[in-house]
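*Asks:* okay, predicted coordinates and the sequence, questions at the end:
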Amino acid sequence: MNVNSPALTARAKSLIAGNSEMADRIRAHHWSATPLGPIEDWSETLVATVNLMLHSPFPTILSWGPEMVFLYNDAAIPTLVGKHPTALGGLYRDVFHEAWNLVSADLEACFYQGVTAVRDNMLIPIFLNGVLEDHYWSYSLIPVYENASIAGVYDAYRNTTEIVVGARRLRESETRLKLATEVAKLGVFMWDTLEDRGVWENDRMYEIFGRSREDGPINGTAFINEVVHPDYRQAFREATESTLQNGVPFQFEGMISLPDKTLRWIEACGQLQPKMHGSAGQILGTIRDITEIKIGEEALQNSSKRVYELAAIVESSDDVILSKDLNGIITSWNAAARRVFGYSAEEMVGSSILKLIPDHLHSDEKTIIESIRAGKRVEHFETVRLTKSGRLIDVSLTISPIRDDLGRVIGASKILRDISGRKRIEQSLLQSEKIAATGRMAATIAHEINNPLEAVMNLLYLLRPMITDPVGINYLSSAEDELGRVSHIAKQTLGYYREHASASNASLTEIALHAITIYEPRCKIAGIEIRTALLSSAKIVLRRGEMMQVISNLIANSIHAMPSGGVLSISVEDSKGSPDGIVLTIQDDGVGIAPEHLPKVFDAFFTTRSAIGTGIGLFVAKQFIEGHGGKIEIESKSDTENHGTAVRIFLPRATAYHGNRK
């Protein structure tokens, strides 16, 4: 494709604006062989509409004339894999012959009757690289008028397949979560303490509290005053205040009174959920009826006349109940213990309790024995234990002293509850809330940012004819590129939207250089010296936009970490070990990250910059890097004399997109 070909007249060159791939292809196309005729003979309306299409950041198709001659812009190229560039100048019915029966009615109604069409998430299978695939599309068709008659159809669209599929997967995840809570007999609740509003998420909540769905849930004030037993109301208030003020997990165990005055025991556990706006005030968690467990605990301390009854309760309990002497030797072992740990009673009675405790937690057992010797009770101690297969499980322990007839402590009874399922459920609930919060934030970003971005892009388009010197034109093009990238970043928020641009061969060194060029002026102003060691010239298959976003975010983090200036080192080198790949390192001598924060830096919404941080940058970066099949690691020190942060990214030469290169 040669825009300087003699076949292109000066008028043809001047009619089509811009230096994009499609602008060049439209100039060079042999239009005389199409119903549109030579480009020099095109009407002003057609030329203006083509230029409008070329400068749109959204995938756009222009169908012109009753034949519906097919033109499209650069943003549409990724959606035309296997059709581009031969689709240019063809007829719409030929380009999308596989979908013509689905879209022709809208197109013809728009062209012949001027009917505007707007479709959301419409299933339209299309051929991509010769393979018919199901894809979902949202599009709007607008008639283009010329001399009071319709001359063409302007089609702005986007591929919404990942959004539709993601929503479907979320529904499936919620179904699995619901099944898990039913199996575990857990009630699920949400309590908005700011509005004093409760939401009961499943039927088990109503069963636990003896209410019907018609009665509805109980708000927090009524729950404390009418449901919680008077002896436990203060404990409930303290647990709530501790969670709201300190962010610690919500934990409460106590008695409740049902509408028929029956008393039951419950255990409530939850997490404080951040709100998108305002202060935190939602507690999301689970409730379990533990009446049988409490009965079991009390039965262990009853007189010898209830030994047989107690043995039956212990043996039939869903929770592990065992006893041990003050030397930690197991003296009883119930059926639930056999089921949870995999050891028979013959294997465990007479053995040390340390057989179930990981080596690094042996000191905890010594502390527990000391408390038991002193006659103290250990309640709801959450820890981990070791099964026969070597698997670690999350457990909650309640340990009570066993006394002889003279009141002397001779051992301990231990009720152990496997809470692995509850932990997984709580984590799933928390992740679901993060996904929902991310979706709300992504929608806000798209609404609040994309509209002004489009206005700025239009202003740059109007400014282009006024700038003639090469340097100015270069700066203008860079501004348009960066604004386009910002628009895509907004759509890619938290990795729940992925642009359909194909991965391609690219140099990590070139991408790093581009990012450095953008941030270099800012670094100079901040007194930051940039040192580079860009030693790799290798090209690998990757998504350029994602890697640019990752590098830009890491550089911006380093700049924030050096408010008084410093040194920013960026290196790209070939990996000398195995597996084979490329290593990108971004290092600064800034304030560093506190040791207690390091394990959480890749968590969504975690940030130490409360004024300006959103806590999603490293979360998204990790998703992008792992999506390529790579790894990202962070080392940091925050000592007064020894401080700074180093981020190391490894990408294999054969990335996850290696087979998808276009």
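*Replies:* Thanks, I have the structure now.
*Asks:* quick check: domain ranges of the chain?
*Replies:* According to automatic domain parsing, the chain comprises the domains 10-159, 183-289, 294-418, 502-660.
*Asks:* least reliable of these going by mean pLDDT?
*Replies:* Mean pLDDT values for the domains of the chain show the minimum at domain 183-289, a mean of 84.
*Asks:* next one: it to chain centre, how far?
*Replies:* Distance, stretch centre to chain centre, for domain 183-289: 28 Å (C-alpha atoms, centre = their mean, to the nearest Å).
*Asks:* ok, now stretch 54-71?
*Replies:* The chain centroid and the centroid of stretch 54-71 are separated by 35 Å, computed with C-alpha atoms, centre = their mean.
*Asks:* identify each buried residue in that stretch, please.
*Replies:* Neighbour-count burial for stretch 54-71, counted by 16 or more other C-beta atoms under 10 Å, picks out 54-57, 59-64, 68-71. Any C-beta I mention is one placed from the backbone N, CA and C, and that applies to glycine too.
*Asks:* export only the CA atoms of that stretch, formatted as CSV.
*Replies:* Extracted in CSV, the C-alpha atoms of stretch 54-71 (Å, rounded to 0.1, in the frame of the first residue of the first chain):
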residue,chain,number,x,y,z
LEU,A,54,-11.8,7.2,10.6
HIS,A,55,-11.5,9.5,13.6
SER,A,56,-14.0,7.6,15.8
PRO,A,57,-12.3,5.6,18.7
PHE,A,58,-15.0,3.0,18.4
PRO,A,59,-15.4,0.2,15.9
THR,A,60,-17.4,1.7,13.1
ILE,A,61,-18.7,0.5,9.7
LEU,A,62,-20.1,2.8,7.0
SER,A,63,-22.4,1.1,4.4
TRP,A,64,-22.9,3.4,1.4
GLY,A,65,-25.4,3.4,-1.3
PRO,A,66,-28.2,0.9,-2.0
GLU,A,67,-25.5,-1.7,-2.6
MET,A,68,-24.2,-1.0,0.9
VAL,A,69,-20.5,-0.7,0.0
PHE,A,70,-18.4,-1.7,3.0
LEU,A,71,-16.0,0.8,4.6
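*Asks:* now render the domains of the chain as TSV, adding distance to residue 169.
*Replies:* Formatted as TSV, the domains of the chain follow (distance: least, C-beta to C-beta, whole Å):
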stretch	distance to residue 169
domain 10-159	14
domain 183-289	20
domain 294-418	26
domain 502-660	15
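*Asks:* what's the closest of those to residue 468?
*Replies:* With C-beta to C-beta as the criterion, residue 468 lies closest to domain 10-159 of those, at 13.7 Å.
*Asks:* among the domains of the chain, which is nearest residue 426?
*Replies:* If you check each of the domains of the chain against residue 426 by C-beta to C-beta, domain 183-289 wins as the nearest, at 6.4 Å.
*Asks:* residue contacts, residue 294?
*Replies:* Residues near residue 294 by C-beta atoms under 8 Å, 6 or more residues apart in numbering: residue 265.
*Asks:* need the three-state assignment for it.
*Replies:* Three-state assignment for residue 294 (DSSP: H, G, I helix; E, B strand; the rest coil): helix.
*Asks:* looking at the buried residues of stretch 54-71, which are in helices?
*Replies:* Secondary structure from DSSP state H places residue 54 of these in helices.
*Asks:* please flag which of the buried residues of stretch 54-71 sit within strands.
*Replies:* In strands, defined here by DSSP state E, the members of the buried residues of stretch 54-71 are 60-64, 69-71.
*Asks:* coming back round to it: go through the domains of the chain and name the closest to residue 481.
*Replies:* Set against residue 481 and scored by C-beta to C-beta, the domains of the chain come closest in domain 502-660, at 9.6 Å.
*Asks:* so how far is the closest one off the chain centroid?
*Replies:* 19 Å.
*Asks:* just the helices from the stretch 201-350 of the chain, written as ranges.
*Replies:* With helices called from DSSP state H, counting those that start in this stretch, the stretch 201-350 of the chain shows them at 203-208, 220-222, 233-246, 291-300, 307-316, 335-341, 345-348.
*Asks:* those strands in the stretch 401-550 of the chain, which residues are they?
*Replies:* Along the stretch 401-550 of the chain, counting by DSSP state E, counting those that start in this stretch, strands occupy 409-418, 504-507, 528-534, 539-542.
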